[in-house]
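*Asks:* just the structure for this:
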Amino acid sequence: MSEKETLRRRNQPRNVSDNNTKRTSVDTRRGNTNHMQLFIWSTILGFVLALTYAYCTSPITSKIILPVTDIKDLEWANVDNEDLRNGVRILEDLHGPESVVVDKENGDWYTGTHDGKLVKIEYANKSSPLITDITENLINGAYTAGGKTTLRRPLALRLSNRRIYLADAYKGIFAVDIDSHKWEKIVGYNDVEPELKFADDLTVNQAGTKIYFTDMSNKWNYQHLAYMTMEGDCSGRVFEVHIATKVLKVIKRGLCVPNGIELNLEETTLAVSETLINRIVLLDVVKGDIIRTIPMPGCGDNIRRSISGGYWVPFPAPTMEFLQLTRNVPFVRDIAARIMGQEGFFALTDLSQGMVVKFDENFEPVSVHKDAKGDVSRAITEVVEIDGGILLCSFIAHGLVKIENLLGS
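*Replies:* Sure thing, here's the model as predicted:
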């Protein structure tokens, strides 16, 4: 190559645009990648910080929850009948009648309502029943006087010797004379240590001298039912109280949301629903020892003796899957309680179905009754036997469900 040609080539302008473009493209991709990585890590960090904040500020301190028996493992509970759909809803003006007692002398019914009233229902089987608020004109004011709160929520009722014995979720245990409507406080919220938080169900011995009742938690009250459940609280108690002397005795501590309670015929054993862990425990009345545990196909509520023998147990909710999925990781429930609150938890809880089971004296199943879709009966809390059939109570529904000729009743 000649010297002239060499100089000509050397002096030609170099084409650097392609190289610059390539370099810029690489730099751009690297920049985009860095921005994306920064965004991802910032998102992860923000998510972790949010979860940490939710955990640290959670309203509950969750505990490991015992496993429950899956309804699928209880072959006797897997029936297809829908006979609870055969009922008729009555008295729909009553909101949340958790429990009902029947005065067989006069035929009157009594129940408590969501707005804190104890009501008398006359001519209940007629087309125009008369509903009277017994709390409207209190004699001596024992029910409303005192207490930390003006809130009232009458839950379980029992009738003995012309007196209704009532468990109020906020205020304790009361008696009301059904003839004079005179009220008497049997156990106030501050008559025990720690104080009562959630009196739920009660039963009275045949002599009418003693009451046995459940206190679902010594931390949470009725307004915080969801938190109590999410936390896995097992601080519930069972009490005995002598009606005349008001002397109290703790029968059992450390129960997992003790709900319904009933004496056996011999009055030697108490059957108690542990709603949180889907079982019934049989307690020695004197010693408080657990004699036996019986797995249930759901979250049991008020236990009631049947006139024909045995017991009725309703199940307002099936197994709460969220609790069982997180039973060994309590911190997840702490976070969930902060993020979704009580309303969110209730949204995850199936209260749409109806289910009751008749058991014999040994708590062996006799018959199972369902309304799987809750078309008529749902969130059932108590079964009450009346002439010509049964009543189904519910703590959230409007009115009662009356069913005639139910198999097993």
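*Asks:* and the strands in the stretch 151-300 of the chain?
*Replies:* For the stretch 151-300 of the chain, the strands defined by DSSP state E, counting those that start in this stretch cover 154-160, 163-168, 172-177, 183-188, 199-204, 210-215, 236-242, 248-255, 258-263, 269-274, 279-284, 290-295.
*Asks:* the stretch 301-409 of the chain too?
*Replies:* For the stretch 301-409 of the chain, applying DSSP E, counting those that start in this stretch gives strands covering 304-305, 311-314, 354-359, 365-371, 380-386, 389-394, 398-403.
*Asks:* which strands or helices does the fourth one pack on?
*Replies:* Yep, that's strand 365-371 we're talking about. Secondary-structure packing of strand 365-371 (3 or more Cβ pairs under 8 Å, 6 or more residues apart in numbering; DSSP states H and E): strand 354-359. C-beta coordinates here come from the backbone N, C-alpha and C atoms, glycine included.
*Asks:* what angle separates the strand it packs on from strand 279-284?
*Replies:* 40 degrees (axes from the mean of the first three to the mean of the last three Cα atoms, to 10 degrees).
*Asks:* quick one: strands adjacent to strand 354-359?
*Replies:* strand 311-314 (antiparallel), strand 365-371 (antiparallel) (DSSP bridges).
*Asks:* dump the strands of the stretch 301-409 of the chain to CSV, plus distance to I64, mean pLDDT and mean neighbour count.
*Replies:* Formatted as CSV, the strands of the stretch 301-409 of the chain follow (distance: least, Cβ to Cβ, whole Å; pLDDT from 0 to 100; neighbours: other Cβ atoms under 10 Å):
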stretch, distance to I64, mean pLDDT, mean neighbour count
strand 304-305, 32, 98, 19
strand 311-314, 26, 98, 26
strand 354-359, 27, 96, 25
strand 365-371, 29, 95, 21
strand 380-386, 28, 97, 24
strand 389-394, 31, 96, 25
strand 398-403, 37, 96, 21
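*Asks:* as CSV, those strands with distance to S58 would be great.
*Replies:* Output for the strands of the stretch 301-409 of the chain, formatted as CSV (distance: least, Cβ to Cβ, whole Å):
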stretch, distance to S58
strand 304-305, 37
strand 311-314, 32
strand 354-359, 32
strand 365-371, 36
strand 380-386, 29
strand 389-394, 31
strand 398-403, 34
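*Asks:* check contacts around E361.
*Replies:* N264, L265, G309, G310, Y311 (Cβ atoms under 8 Å, 6 or more residues apart in numbering).
*Asks:* now stretch 92-110: mean pLDDT?
*Replies:* What stretch 92-110 shows for mean pLDDT is 95.
*Asks:* return it as PDB; C-alpha atoms alone will do.
*Replies:* C-alpha atoms of stretch 92-110 as PDB (Å, rounded to 0.1, in the frame of the first residue of the first chain):
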ATOM      1  CA  GLU A  92     -88.600 -11.800  63.500                       C
ATOM      2  CA  ASP A  93     -88.800  -8.600  65.500                       C
ATOM      3  CA  LEU A  94     -86.400 -10.200  68.000                       C
ATOM      4  CA  HIS A  95     -82.800  -9.600  67.100                       C
ATOM      5  CA  GLY A  96     -80.300 -12.200  68.300                       C
ATOM      6  CA  PRO A  97     -82.300 -14.400  70.600                       C
ATOM      7  CA  GLU A  98     -79.400 -16.500  71.900                       C
ATOM      8  CA  SER A  99     -81.400 -18.500  74.400                       C
ATOM      9  CA  VAL A 100     -85.000 -19.200  75.300                       C
ATOM     10  CA  VAL A 101     -86.800 -20.500  78.400                       C
ATOM     11  CA  VAL A 102     -90.400 -21.600  78.500                       C
ATOM     12  CA  ASP A 103     -92.700 -21.100  81.500                       C
ATOM     13  CA  LYS A 104     -94.800 -24.200  81.300                       C
ATOM     14  CA  GLU A 105     -97.300 -23.000  83.800                       C
ATOM     15  CA  ASN A 106     -98.400 -20.000  81.700                       C
ATOM     16  CA  GLY A 107     -97.000 -21.000  78.300                       C
ATOM     17  CA  ASP A 108     -94.900 -17.800  78.100                       C
ATOM     18  CA  TRP A 109     -91.500 -17.600  76.600                       C
ATOM     19  CA  TYR A 110     -88.500 -15.500  77.600                       C
END
